[in-house]
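Asker: fold the stuff below for me.
(2 chains)
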Amino acid sequence: MMKVTNSLTRSLEELKPLENNEIRLYTCGPTVYNYAHIGNFRAYVFEDILRRTILFNGMKIRQVMNLTDVDDKTIRGANAAGIPLTEYTKKYKDAFFADLETLNIQKAEVYPAATDHIPEMIALVSKLVEKGIAYKSEDGSVYFSVRKFPGYGKLAHIDFDHQKTGARCLGDEYDKENVGDFALWKAWEESDGPVGWDSPWGRGRPGWHIECSAMSMKYLGETFDLHTGGIDNLFPHHENEIAQAEAATGKPFVSTWMHCAHLRVNGEKMSKSLGNFFTLRDLTEKGWTGREIRYVLTNAHYSQGLNFAFSALEDARKSLRRIDECTAKATEGEAPDWAKKHLDDFTAAVNDDLNTPRAYAALFGLVRDTNAHGGGPVLGVFRRMDEVLGVVFFGKSAEADVPAGVKALLDARAAARAAKNWAESDRLRNEIAALGWAVKDGKEGQSVSPLK
RNA sequence: GGUGGGAUGGCCGAGCGGUUAGGUCGCGGACUGCAAAUCCGCUUACAGCGGUUCAACUCCGCUUCCCACCUCCA
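Answerer: Residues are numbered from 1 along each chain as shown, chains lettered A, B, ... in the order given. As a prediction, this is how the structure comes out:
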């Protein structure tokens, strides 16, 4: 039985499909105005672990991840570059998908882009206007009136009667009836340039939140199982999604919400001014692999802040090498009881609110026992664990063919060793290392593997 | 001011009212021609002050410090 913490109720609950043994999951995706950074990927990796754990438990899944390809930042970027919005965002959409592969993140079933769903959004806004929950302002924007939706604040658990007007709340939004009201549709303005769509309220573009309500309901239904994102999305984004959807349909929008915490880098918030801001590409260019990065991102509980440091990447590299050494001597076959025990621990861990650190502890328990047994038919157990972790077999250095030159040196070294000519043996080991191969002497002679 | 999450051994990071987290690093040992890998052992930590309890890192209170959100940053 899989349990997760529901942000809506703030309690641990069983996650089970509303219907058809299928979890319908909506995950807030990237705004494609730049390369995504590792903080973004902490969220996407968390969602990947969630997805995989659902599948691990024998449930089916239908996952939708949106691509926000129209907003202030994308418009600004496109207009600054003097190219159409679609051309500008295409580059970052492509980069995003490449990055998902780098991190071994499974594909969602649908990746709807906001700009492909303007009619659906207009329809939803129209419905809210008809119901009298939304209103048009003088400049042609449409706002959602939070006062007209009694449940407003139920996700964030905010009591709006006792809030200070937020410091970040700009004072220049005269058109709103209430400071809490948010835009469903934004009237065209000069800085939008060529970006805009016609609507019943004039030319403009959708507000940020409306795309998620419109697209999630289109692909998953008016009520669905699960919706996730980073903790910063909880308010206002997700709160507003609920308001838009439930005000329009009169039905519950989502039964379970999950949010992951932020990551810090070297103990500090990631920011460009601190020089600790990294995209995934920044790290791979430094020689870190997606596999190592995935390991670090999954090695803390999703609900807790994660400190991302280069020392953690180094630890990950060594830990993964140890796993590799172990899986190399694991074999196929019926798993022994001592291995099954670790799988049970593993299963209990991931089903307990995706406790990946404990899952890793179970994995390393299997590693230790396998080593102690000098191997064993545990490949199937590793594979089963890796259905969730996606880190054991992913991106392992391929079983590359040993080049003839290296083979010749190995033969020579075997001869030297037979003659107990240790100096020559060591010399040849260094020579082979220079070619990029590591030699180890075991009971059954030499073995080689590519150096990292 | 409101709400939520934290403070665990050199570093990262779980956890629970009494039982080994785990990884990495360090030290010692076994094995090895040496090395690597592997195995065994050790370094026995829970911000501070009170309280509850037979027993608290784990519950309660207070204090200090940190982080996040409070209207468009995962």
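
Asker: show me where pLDDT drops low in the stretch 101-250 of chain A?
Answerer: A:161-175 (pLDDT under 70).

Asker: now the helices for it?
Answerer: Counting by DSSP state H, counting those that start in this stretch, the stretch 101-250 of chain A has helices at residues A:118-130, A:210-220, A:239-249.

Asker: how about JSON lines for those, with distance to residue A:326 and mean neighbour count added?
Answerer: All C-beta spots, glycine's among them, are computed from the backbone N, C-alpha and C. JSON lines is the format used below for the helices of the stretch 101-250 of chain A (distance: least, Cβ to Cβ, whole Å; neighbours: other Cβ atoms under 10 Å):
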{"stretch": "helix A:118-130", "distance to residue A:326": "50", "mean neighbour count": "19"}
{"stretch": "helix A:210-220", "distance to residue A:326": "40", "mean neighbour count": "24"}
{"stretch": "helix A:239-249", "distance to residue A:326": "44", "mean neighbour count": "24"}
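
Asker: nearest to RNA strand B, out of those?
Answerer: For those, the distance to RNA strand B is smallest for helix A:239-249, at 7.0 Å, taking Cβ to the nearest atom of the strand.

Asker: now check whichever helix or strand comes after the closest one, is it near RNA strand B?
Answerer: Remark: after helix A:239-249, the chain's next helix or strand is strand A:254-260, criterion DSSP states H and E. Yes: counting by Cβ under 7 Å from any atom of the strand, contacts between strand A:254-260 and RNA strand B involve residue A:260.

Asker: which residue sits closest to the spatially most central residue of chain A in space, ignoring its chain neighbours?
Answerer: Among the residues of chain A, the one closest to the centroid is residue A:44, at 0.9 Å (Cα atoms, centre = their mean). Using Cβ to Cβ, 6 or more residues apart in numbering and skipping the chain neighbours, the partner closest in space to residue A:44 is residue A:105 (5.7 Å).

Asker: thought that neighbour was touching residue A:48?
Answerer: Yes: the criterion here is Cβ atoms under 8 Å, and residue A:105 meets it with residue A:48 at 4.4 Å.

Asker: between these two, who's got more neighbours?
Answerer: More neighbours surround residue A:48 than the other of residue A:105 and residue A:48, with 25 against 22 (other Cβ atoms under 10 Å).

Asker: give me the next element, helix or strand, following the strand or helix carrying that one.
Answerer: Assigned by DSSP H and E, residue A:48 belongs to helix A:38-56. The element immediately downstream of helix A:38-56 (helix or strand, assigned by DSSP H and E) is strand A:60-65.

Asker: what comes up buried for that next one?
Answerer: Buried residues in strand A:60-65, counted by 16 or more other Cβ atoms under 10 Å: A:61-65.

Asker: is it in proximity to RNA strand B?
Answerer: No: judged by Cβ under 7 Å from any atom of the strand, strand A:60-65 stays clear of RNA strand B, getting no closer than 11.0 Å.

Asker: name the helices or strands packed onto the helix or strand following that strand?
Answerer: As assigned by DSSP H and E, the chain's next helix or strand after strand A:60-65 is helix A:72-81. Helix A:72-81 is packed against helix A:85-102, with contacts defined by 3 or more Cβ pairs under 8 Å, 6 or more residues apart in numbering; DSSP states H and E.

Asker: what about the helix it packs on, near RNA strand B?
Answerer: No: if you take Cβ under 7 Å from any atom of the strand as the test, helix A:85-102 misses RNA strand B, and the best it gets is 11.0 Å.

Asker: specify the angle between that helix and helix A:72-81 in degrees.
Answerer: Counting by axes from the mean of the first three to the mean of the last three Cα atoms, to 10 degrees, helix A:85-102 points 120 degrees away from the direction of helix A:72-81.

Asker: list phi and psi for the residue nearest to residue A:44.
Answerer: For residue A:105, the backbone dihedrals (degrees, to the nearest 10) come out as phi -90, psi 130.
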